[in-house]
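Novice: when you get a sec, could you give me coordinates for this:
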Amino acid sequence: EDVPSQTFDNKDYFCGKETFPVYESIFTEEGETIRKIAIEIEKPPQIEIHVWTIRKGILRHFYVEKMSKREFEGLPYFKLITRTTLSQWKIFSEGEAQISQMCESRVCRTELEDLVKVLYLEKSEKGHC
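Specialist: Numbering: from 1, shown residues only. A predicted model of the protein is given here:
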């Protein structure tokens with residue numbers, strides 16, 4: 001007999017919280033690095049893309065754009081990097097706002113890298129969620 005596998009409507013869960021796919025796209029043109037971090041949200045169904053323009057390690061421009069899932073699927077270069085919870089995404093967004101002000105006049109390469117690491121969920125140790 002087959003034991004039915006436990007599914008959560010095709011969604012992944014982390015400590016009982018729903019997780020959402022996070023994508024990244026990085027490309028360089030004319031000495032600038034354009035880094036995009038995107039999250040796929042279900043309600044409302046849309047993609048939120050955070051775009052950073054970095055020149056010589058300094059965050060020159062930062063903005064957020066939203067689009068439909070269909071539009072997003074037509075974009076090249078994005079790869080799935082992790083899944084995250086909405087609470088982690090909120091921490092990421094708040095940190096991003098602070099960094100965007102702090103990094104207008106100085107190099108912030110490590111701060112941006114550390115911010116992206118917030119999105120990666122640590123596996124719960126010893127089951128303490």
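
Novice: next secondary structure after the longest helix that the chain contains?
Specialist: Criterion DSSP state H: the longest helix present in the chain is helix 86-102. Using DSSP states H and E, the helix or strand that follows helix 86-102 in sequence is helix 109-117.

Novice: that following helix relative to helix 86-102, how many degrees between them?
Specialist: Relative orientation of helix 109-117 with respect to helix 86-102: 160 degrees, computed using axes from the mean of the first three to the mean of the last three Cα atoms, to 10 degrees.

Novice: may I have the secondary structure class of residue 44?
Specialist: Classification of residue 44 using DSSP: H, G, I helix; E, B strand; the rest coil returns coil.

Novice: do residue 24 as well
Specialist: Assignment for residue 24 (three-state DSSP): strand.

Novice: pretty sure it is touching residue 34, no?
Specialist: No - using Cβ atoms under 8 Å, residue 24 makes no contact with residue 34, being 11.3 Å away. Using the backbone N, CA and C atoms, a C-beta is placed for each residue, glycine as well.

Novice: and the longest helix of the chain, what other elements does it pack with?
Specialist: Packing contacts for helix 86-102, counted by 3 or more Cβ pairs under 8 Å, 6 or more residues apart in numbering; DSSP states H and E, involve strand 17-18, strand 20-29, strand 58-67, helix 109-117.
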